[in-house]
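Colleague: sequence and predicted structure are below.
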Amino acid sequence: GEDVEQSLFLSVREGDSSVINCTYTDSSSTYLYWYKQEPGAGLQLLTYIFSNMDMKQDQRLTVLLNKKDKHLSLRIADTQTGDSAIYFCAEGAHASGGSYIPTFGRGTSLIVHP
Amino acid sequence: IAGITQAPTSQILAAGRRMTLRCTQDMRHNAMYWYRQDLGLGLRLIHYSNTAGTTGKGEVPDGYSVSRANTDDFPLTLASAVPSQTSVYFCASSRTSGSHNEQFFGPGTRLTVL
């Protein structure tokens, strides 16, 4: 959607680090998410970060959140060919009736080449 | 096997025909969602349901209807299909519609309207 923006493509060499960036607009978002979509499959949650955190690390994944600039990034260390996929940033935006509905970016296609 | 299933996997449909895409989850999740995914546009929310018996409109609801008669099922109906509804449709569910609602996605239905 329009409220979450990310670049469409990223190409990296196997073994390098990948950094996927995202900007969002809703300052009331409590949680921010990264989903991964492999070819021909649905999305799967990769990781998430609570809005009062600056950083979250989970094995090869590092999420950085700059709440002031509404900027979120996902760093994948030692990128492997199996990491090739589309990565979606999502914010848990407040919707009507007290519910929260994730708003997704357009997705970043990560291409890992040998 | 716990999860979320969709049927059919793919379908080619003549314009003007009625079509229902099926979605079933066995995780007893309260909230369910329908998205369409189009190249370059990412995921766009069509309709959602925070709990059985309630539904709401998403970003692109025109031409689609949903019902939520029970917790497990959330069918999406195209009353009179048009070529612009050619897309990949994903159903998703989440335990709640609260501020942290990890979504679980089905494998998708690829629909072509001729």
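Modeller: Structure received. These numbers come from a predicted model, not from an experiment.
Colleague: number of nearby residues for residue 68?
Modeller: Chain wasn't specified; assuming chain A. For A:Lys68, the neighbour count with other C-beta atoms under 10 Å in any protein chain shown is 7. (Glycine included, C-beta is placed from N, CA and C.)
Colleague: right idea, wrong chain: chain B
Modeller: 20.
Colleague: quick check: bridge partners of residue 109?
Modeller: No chain specified, so I'll use chain A. Beta-bridge partners for A:Ser109, by DSSP bridges, are A:Phe9, A:Ile86.
Colleague: meant chain B, my bad for not saying
Modeller: B:Tyr89.
Colleague: okay, now it: neighbour count?
Modeller: That count, for B:Thr109 with other C-beta under 10 Å as the rule, works out to 22.
Colleague: please apply the same query to B:Arg44.
Modeller: Look at B:Arg44: counted by other C-beta under 10 Å, it has 18 neighbours.
Colleague: correct me, but it touches B:Pro61?
Modeller: No - checked against C-beta atoms under 8 Å, the pair B:Arg44 and B:Pro61 is beyond contact range at 10.1 Å.
Colleague: in which helix or strand would I find the spatially most central residue of chain B?
Modeller: The residue lying closest to the centre of chain B (C-alpha atoms, centre = their mean) is B:Trp34, at 2.8 Å. Using DSSP states H and E, B:Trp34 maps to strand B:31-38.
Colleague: in contact with B:Ser49, which residues are there?
Modeller: Going by C-beta atoms under 8 Å, 6 or more residues apart in numbering or on different chains, B:Ser49 touches B:Ala31, B:Met32, B:Tyr33, B:Thr55, B:Gly56, B:Val66, B:Arg68, B:Phe74.
Colleague: apart from its neighbours in sequence, what residue is nearest it?
Modeller: Distances taken as C-beta to C-beta, 6 or more residues apart in numbering or on different chains put B:Arg68 closest to B:Ser49, at 4.1 Å, once the chain neighbours are dropped.
Colleague: could you pull out the helices for chain B?
Modeller: Counting by DSSP state H, chain B has no helices at all.
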